[in-house]
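Pasting the sequence and the predicted model now:
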Amino acid sequence: MLVTLELFIGSWLLAVIFAVLLAGIRALPVRLLRLLVAAIVEYHRNVPVLVQILIWYFAIPQVLPDPVRIWLNHQNSEFLFSMIALALNSGAFMSEDLRSGLRAVPAAQFDAARSLGLSQIGALRYVMLPQALRIAVPAIINQTIFLFKNTSLAMAVAVGELTYRMHEIENTTFRTFEIFMFGTVAYLIFSFSLMGLGAWFNRRYPSAYRI
């Protein structure tokens, strides 16, 4: 359970950073960058998460320099690559939620920020994105729950998270019902906790532009 939480928290933090970067870049009037971000998002939306984890774990190390690959092999690489794969996948989905949030903020606010002397990036950073984040909170909470559940896919590369250990103990004890019932309850508790946190945030920080 501890490994699951570490994997989830690390992936979530990276996913939020990645999502903000993608949403911010896609909001800029640079066609080439917008096309690049769109391609990145479509890749992560249409390729199964398990395949993405396997690509990061098996394929990416093959194109890295030998010293880097050797160093990674001594640094719990299966955990690291799983975290990166999960973060990029979830971040791509979150970026679309943020993009919708940006569209919900009145365009006049962007124009007003520009008229006050802010650059395009400054207007996005200080005026538009903070409001878009609040608007996108319900959708981001949903993606957060999906991310938590997807941590179970890391068992495919032998990350010792909850599902991997459940399977390991079940193979040893043959107490299938008790083991998987415990895992089910654990996932439900964490998922409902995340939903409760999202509901609290919505009440505590309501957005005037949320539809």
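Received the coordinates, thanks.

In stretch 139-158, which residues are buried?
For stretch 139-158, the neighbour count (16 or more other CB atoms under 10 Å) marks 139-145, 147-148, 150-157 as buried. Backbone N, C-alpha and C define where each C-beta goes, glycine included.

Please apply the same query to stretch 5-14.
In stretch 5-14, residues buried by neighbour count (16+ other CB under 10 Å) are Leu7, Phe8, Gly10, Ser11, Trp12, Leu14.

List of residues touching the strand or helix carrying the last one?
If I follow you right, that is Leu14. Assessed by DSSP states H and E, Leu14 sits inside helix 2-26. Surrounding helix 2-26, the residues in contact under the criterion CB atoms under 8 Å, 6 or more residues apart in numbering are 33-34, 37-38, 40-41, 79, 82-84, 86-95, 97-99, 102, 121, 124-125, 129, 132, 140, 143-144, 147-148, 151, 154, 159-162.

which among the residues you listed end up buried?
37, 40-41, 79, 82-84, 86-95, 97-99, 102, 124, 129, 132, 140, 143-144, 147-148, 151, 154, 159-162.

Secondary structure element holding the nearest residue to Ser152 once chain neighbours are set aside?
Distances taken as CB to CB, 6 or more residues apart in numbering place Thr163 nearest to Ser152, at 4.0 Å, with adjacent residues excluded. Counting by DSSP H and E, the element that carries Thr163 is helix 162-173.

Could you export that helix as PDB, CA atoms only?
In PDB, the C-alpha atoms belonging to helix 162-173 read as follows (Å, rounded to 0.1, in the frame of the first residue of the first chain):
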ATOM      1  CA  LEU A 162      -0.800  -3.300  -3.900                       C
ATOM      2  CA  THR A 163      -2.100  -5.500  -6.800                       C
ATOM      3  CA  TYR A 164       1.300  -7.100  -7.300                       C
ATOM      4  CA  ARG A 165       1.500  -8.000  -3.600                       C
ATOM      5  CA  MET A 166      -2.000  -9.300  -3.600                       C
ATOM      6  CA  HIS A 167      -1.300 -11.600  -6.500                       C
ATOM      7  CA  GLU A 168       2.000 -12.700  -4.800                       C
ATOM      8  CA  ILE A 169       0.300 -13.500  -1.500                       C
ATOM      9  CA  GLU A 170      -2.600 -15.300  -3.200                       C
ATOM     10  CA  ASN A 171      -0.100 -17.500  -5.000                       C
ATOM     11  CA  THR A 172       1.500 -18.400  -1.700                       C
ATOM     12  CA  THR A 173      -1.600 -18.800   0.500                       C
END
